[in-house]
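Trainee: Dropping the sequence and predicted coords here.
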Amino acid sequence: KPGLYIVATPIGNLSDLSPRAADMLARADVLAVEDSRVTSKLLQHIGARRPMIPYHDHNADRVRPELIARMAGESVALVSDAGTPLISDPGYKLVRDARAAGVPVTTIPGPCAAIAALTLAGLPTDRFLFAGFLPSKAKARADAIAELAGIRATLVFYESGPRLGAALAALAEGLGPRDAAVAREISKAYEEAVTAPLPDLAARYADAPPKGEIVIVVAPPGEPEAAGEDEVDAALREALERLP
Ligand code: SAM
């Protein structure tokens, strides 16, 4: 059926491609892809050939209207190089404009590195904030971390090997000795999740940038030291009222 289809693809292990995603990739009239070389390999894996239109940060504004126009009569599948489109990847403006044009939007959910890392880290998952990539310049990075310091939620960052040491040092500096995890190469042969307080992780990776793709997960700030006087008073009053 005509419309926009958001298709999640594997983040490393090709077996994680869902049957529904494979079916869509094989049948869509056209694929809007981040990098046609990467998506070609995936198509080869499922024995399909489909027309592809590059859609990435550098051409998105120009290509978007053409894609929206095609959705009136064709099925367009949006595919990233890996994982879920729109998550630190292009796509949200395509969805916005498709909705505005009355085009049906369907999602075919699947792998996402942020969610996969949360399942490995052993840190609270009831509230989390996905913070994407930290800025690479030191001052902007410190400012971004300071802005997140008071948030009572687990924090999730995407990072690359060469920048990991600097990012962990800045996180240790800005957030203190919170527990954290470095999840690497998820779903691939050398999948690894290392958990330790931030300063220990910063020391471990300071001079040894690891290979591969990385997610950093950081625990929420600790509970406040002691309950305030008001809360203690309220608890006492409540306890007194219950006395026989
Ligand atoms: N849209 C993707 C998703 O759903 O996860 C993320 C795209 S973003 C451009 C790429 C970043 O995701 C990498 O730099 C890394 O931080 C993270 N990532 C992707 N695959 C990963 C994997 N197999 N293991 C760990 N992190 C991964």
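Mentor: Sure, I can see it.
Trainee: which residues touch the residue of the chain at minimum distance from the ligand?
Mentor: Relative to the ligand, the nearest point of the chain is residue 83 (2.4 Å; C-beta to the nearest ligand atom). In this view, the C-beta of every residue, glycine as well, is placed from N, C-alpha and C. By C-beta atoms under 8 Å, 6 or more residues apart in numbering, the contact set of residue 83 is 8-11, 89, 110-113.
Trainee: Around the ligand, pick out the residues from the chain.
Mentor: By C-beta under 6 Å from any ligand atom, the residues of the chain that approach the ligand are 11-12, 80, 82-84, 87-89, 112-114, 158-160, 183-188, 213-215.
Trainee: Can I get the buried part of these as one PyMOL selection?
Mentor: Selecting the buried subset of these in PyMOL, with 16 or more other C-beta atoms under 10 Å as the burial test, is done by:
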select buried, resi 11+12+80+82+83+84+87+88+89+112+113+114+158+159+183+184+185+186+187+213+214+215
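Trainee: Residue 159 belongs to a strand?
Mentor: Yes. Judged by DSSP: H, G, I helix; E, B strand; the rest coil, residue 159 forms part of a strand.
Trainee: That one and residue 212 touch, don't they?
Mentor: No. Using C-beta atoms under 8 Å, residue 159 is not in contact with residue 212, being 10.7 Å away.
Trainee: ok, the nearest residue to residue 109 once chain neighbours are set aside - how many residues close by?
Mentor: Leaving out its chain neighbours, the residue that sits closest to residue 109 by C-beta to C-beta, 6 or more residues apart in numbering is residue 8, at 5.6 Å. Burial of residue 8 is recorded as 24 neighbouring residues (other C-beta atoms under 10 Å).
Trainee: List phi and psi for residue 8.
Mentor: Per-residue torsions, residue 8: phi -80, psi 140 (degrees, to the nearest 10).
Trainee: pLDDT at it, what is it?
Mentor: Per-residue pLDDT puts residue 8 at 98.
Trainee: for residue 241, same thing?
Mentor: Residue 241 is assigned a predicted lDDT (pLDDT) of 74.
Trainee: Mind telling me which residue is nearest the centre of the chain?
Mentor: Taking C-alpha atoms, centre = their mean, the centroid of the chain lies closest to residue 114, which sits 3.9 Å from it.
Trainee: Can you tell me the SS state at that one?
Mentor: Quick answer, by three-state DSSP: residue 114 is helix.
Trainee: Please look at it and residue 130 and confirm they touch.
Mentor: Yes. Using C-beta under 8 Å, residue 114 is in contact with residue 130, at 5.2 Å.
Trainee: Can you work out which residues contact both of the two?
Mentor: Residues touching both residue 114 and residue 130 (C-beta under 8 Å, 6+ apart): 87, 156.
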